[in-house]
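Asker: just to be clear, the model below is a prediction. Sequence and coordinates:
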Amino acid sequence: MVASSDLLRKLFNEAISRTQPKVCMPPHMPERPPGRVVVVGAGKAAAAMAQVTEAQFGPNVEGLVVTRYGYGLSTELIEVVEAGHPLPDAAGEKAARRMMAMVSRLGEDDLVCCLLSGGGSALLALPLPGLSMEDKRQTTSLLLDCGATISEINLIRKQLSAIKGGRLAAAAAPARVVTLMISDVPGDDPAVIASGPTVGHPPLGTEIKEILSKYRISLPPSVSRHFHSNENRPIAPEDNRLSRVSHVIIANADQALEAAAIVAQEAGYQPLILGGGIEGESRTVALEHAEMALSMVERGRKTAILSGGETTVTVSGTGRGGPNTEYMLSLCLALNSNEYIAALACDTDGIDGSEDNAGAIISPNSLSQMQYAGIDPHACLANNDSYGAFEAVGGLINTGPTYTNVNDFRVILIG
């Protein structure tokens, strides 16, 4: 018989613990400069990262970070602002504008410590001249609903921003800029994390046109005019203003999976790590993983299938749910109450999409529980209402803010 839900939750908790700022930041903190230390940053882990930075540099530090509403923490010297996510808002715009002003008055002896984590792109919302916050909100909403990948979304967002695409680092020149990143993107590309406010971007070819065509997106008129104008592009990677910029990935999905694998092995399960960069439609990825899990049952070996990355949802229904709960509902249906399999899928930041849960958990009894509760899981999946299906049977995982973000964490226990 499959292990209890306690082990699934323990694996998820270990993944979160391993990627906490207080654990992963200290080995990578830069040395104190002869001049000022100015801290800026954005993301769901930004407040926790600011706390660690204060502890490292002591009283001679100043700055501002922006995080999601409800993700703030108490700090003494670095101001923490809360703003909108996943859709940007005026609070994020105001914070971004203040950050640009802070770093624009520095010299060669000063240090900018930029703290970035998942969610930073939405939170650092500073539209270019000629664009409005509503333009940014509409564009972001279209991209989220169509199932675009995080790399595609952030490529477009940085083209509309006065702070992303290397603009923040360019404004800080000639100061030294050290960017510490908790990666929530497959591949850990610094240019994609938070849309790369300290990373230059080469001139565009046809990438934007291909994304819009792929997902059949019609952008707001002002945004379309901006892309056709070919003006106000991100900073080029070879720009001299970026010559004193460095980037360090301090935590990622692979580290979270490796930490969970150790716990699984101690519990008697053979870990099988599929990697931390899995992308694709949530329900489709779930079908692939279900097929793998069912084949493991036939081998009779206790196995923990672990994976991370970021799956996506193409919204066609009117229900509630995020990528992890949609993955879980599709997985639950495909497993068809197999008595040897249980699973959990959660976002490590504690928020699955824009809902209040981190994800969901299933046991061999989940389908029968839904049916007993009068829930049609097939209809829920068709309506993108995975949240409703799991809410009815107590299958949602609620963590509250975790103060880290290495994106999705999935585990399937067999045996």
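Answerer: Great, that's in hand. Numbers count the residues shown, from 1 in each chain.

Asker: correct me if wrong, but residue 273 is in a helix.
Answerer: No. Counting by DSSP: H, G, I helix; E, B strand; the rest coil, one finds residue 273 to be strand, located in no helix.

Asker: show me the beta-bridge partners of it.
Answerer: For residue 273, the beta-bridge partners are residue 306 (DSSP bridges).

Asker: what's the local residue count around the residue nearest to residue 39 when sequence neighbours are not counted?
Answerer: Using CB to CB, 6 or more residues apart in numbering and skipping residues adjacent in sequence, the residue nearest residue 39 is residue 63, 3.2 Å away. C-beta coordinates here come from the backbone N, C-alpha and C atoms, glycine included. By other CB atoms under 10 Å, 25 other residues sit near residue 63.

Asker: where's residue 63 relative to residue 375, distance?
Answerer: 48 Å (CB to CB, to the nearest Å).

Asker: repeat that for residue 260.
Answerer: Distance from residue 260 to residue 375, by CB to CB: 30 Å.

Asker: over to residue 123?
Answerer: 35 Å.

Asker: again with residue 404
Answerer: To residue 375, residue 404 is 32 Å away according to CB to CB.

Asker: name the residue in those two with the higher neighbour count.
Answerer: residue 404 (29 against 19).

Asker: all strands for the chain, in order.
Answerer: Using DSSP state E, the strands of the chain run over residues 37-42, 62-68, 78-83, 111-116, 176-182, 245-251, 270-281, 303-312, 341-347, 359-362, 396-397, 408-414.

Asker: among those strands, which is nearest residue 145?
Answerer: With CB to CB, the closest approach to residue 145 among the strands of the chain belongs to strand 303-312: 10.0 Å.

Asker: same for the helix or strand bottoming out on mean pLDDT in the chain, what does it pack against?
Answerer: In the chain, the helix or strand scored least confidently by mean pLDDT, DSSP states H and E is helix 221-229, which has a mean of 88. Helix 221-229 sits against helix 133-146, with contacts defined as 3 or more CB pairs under 8 Å, 6 or more residues apart in numbering; DSSP states H and E.

Asker: could you list every helix and strand in contact with the helix it packs on?
Answerer: Applying 3+ CB pairs under 8 Å, 6+ apart, one finds that helix 133-146 contacts helix 150-159, helix 221-229.

Asker: got those as CSV, with mean neighbour count and distance to residue 239 columns?
Answerer: Below are those laid out as CSV (neighbours: other CB atoms under 10 Å; distance: least, CB to CB, whole Å):
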stretch, mean neighbour count, distance to residue 239
helix 150-159, 22, 15
helix 221-229, 14, 20
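
Asker: any chance of the ones you listed in TSV, plus distance to residue 187?
Answerer: Shown next, in TSV, are the helices and strands packed on helix 133-146 (distance: least, CB to CB, whole Å):
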stretch	distance to residue 187
helix 150-159	8
helix 221-229	25
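
Asker: identify whichever of the ones you listed lies nearest to residue 128.
Answerer: Of all the helices and strands packed on helix 133-146, it is helix 221-229 that lies closest to residue 128, at 7.0 Å by CB to CB.

Asker: roughly how far apart are the residue nearest to residue 39 and residue 207?
Answerer: Here residue 63 is placed at a distance of 33 Å from residue 207 (CB to CB).

Asker: same deal with residue 286?
Answerer: From residue 286 across to residue 207, the span is 29 Å (CB to CB).

Asker: those two: who's more crowded?
Answerer: Neighbours were counted for residue 286 and for residue 207 using other CB under 10 Å; residue 286 has more, 27 against 12.

Asker: need the contact list for the more buried one.
Answerer: 326, 327, 328, 329, 330, 331, 334 (CB atoms under 8 Å, 6 or more residues apart in numbering).

Asker: 7 Å instead?
Answerer: Contact analysis of residue 286 by CB atoms under 7 Å, 6 or more residues apart in numbering lists 327, 330, 331, 334.

Asker: and the angle from whichever helix in the chain runs longest to strand 303-312?
Answerer: Counting by DSSP state H, the longest helix found in the chain is helix 282-299. In terms of direction (axes from the mean of the first three to the mean of the last three CA atoms, to 10 degrees), helix 282-299 departs from strand 303-312 by 170 degrees.

Asker: restricting to C-alpha, output helix 282-299 in CSV.
Answerer: Coordinates of each C-alpha in helix 282-299 appear next as CSV, following Å, rounded to 0.1, in the frame of the first residue of the first chain:
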residue,chain,number,x,y,z
SER,A,282,-0.1,20.8,-17.3
ARG,A,283,-2.6,18.1,-18.2
THR,A,284,-0.4,16.7,-21.0
VAL,A,285,2.6,16.4,-18.7
ALA,A,286,0.4,14.7,-16.1
LEU,A,287,-0.5,12.0,-18.7
GLU,A,288,3.1,11.4,-19.4
HIS,A,289,4.0,11.0,-15.8
ALA,A,290,1.0,8.8,-15.1
GLU,A,291,2.1,6.4,-17.8
MET,A,292,5.6,6.3,-16.2
ALA,A,293,4.2,5.7,-12.7
LEU,A,294,1.9,2.9,-13.9
SER,A,295,4.8,1.2,-15.5
MET,A,296,6.7,1.4,-12.2
VAL,A,297,3.9,-0.3,-10.4
GLU,A,298,4.4,-3.3,-12.7
ARG,A,299,8.1,-3.5,-11.7
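
Asker: for the contacts of residue 286, which single residue is the most surrounded?
Answerer: Per-residue neighbour counts (other CB under 10 Å) across the contacts of residue 286 peak at residue 327, which has 30 neighbours.

Asker: hmm, residue 282 and that residue touching each other?
Answerer: Yes. Using CB atoms under 7 Å, residue 327 is in contact with residue 282, at 4.2 Å.

Asker: between the two, which contacts overlap?
Answerer: Each of residue 311 lies in contact with both residue 327 and residue 282 under the rule CB under 7 Å, 6+ apart.

Asker: and the nearest residue to residue 309 once chain neighbours are set aside, how many neighbours?
Answerer: What sits nearest to residue 309 in space, not counting adjacent residues and going by CB to CB, 6+ apart, is residue 278, at 3.5 Å. Residue 278 sits with 19 neighbouring residues when counted by other CB under 10 Å.

Asker: which ones are touching residue 278?
Answerer: By CB under 7 Å, 6+ apart, the contact list for residue 278 reads 285, 307, 308, 309, 311.

Asker: now the two most distant members of those.
Answerer: Farthest apart among the contacts of residue 278 by CB to CB are 285 and 308. That separation is 11.5 Å.
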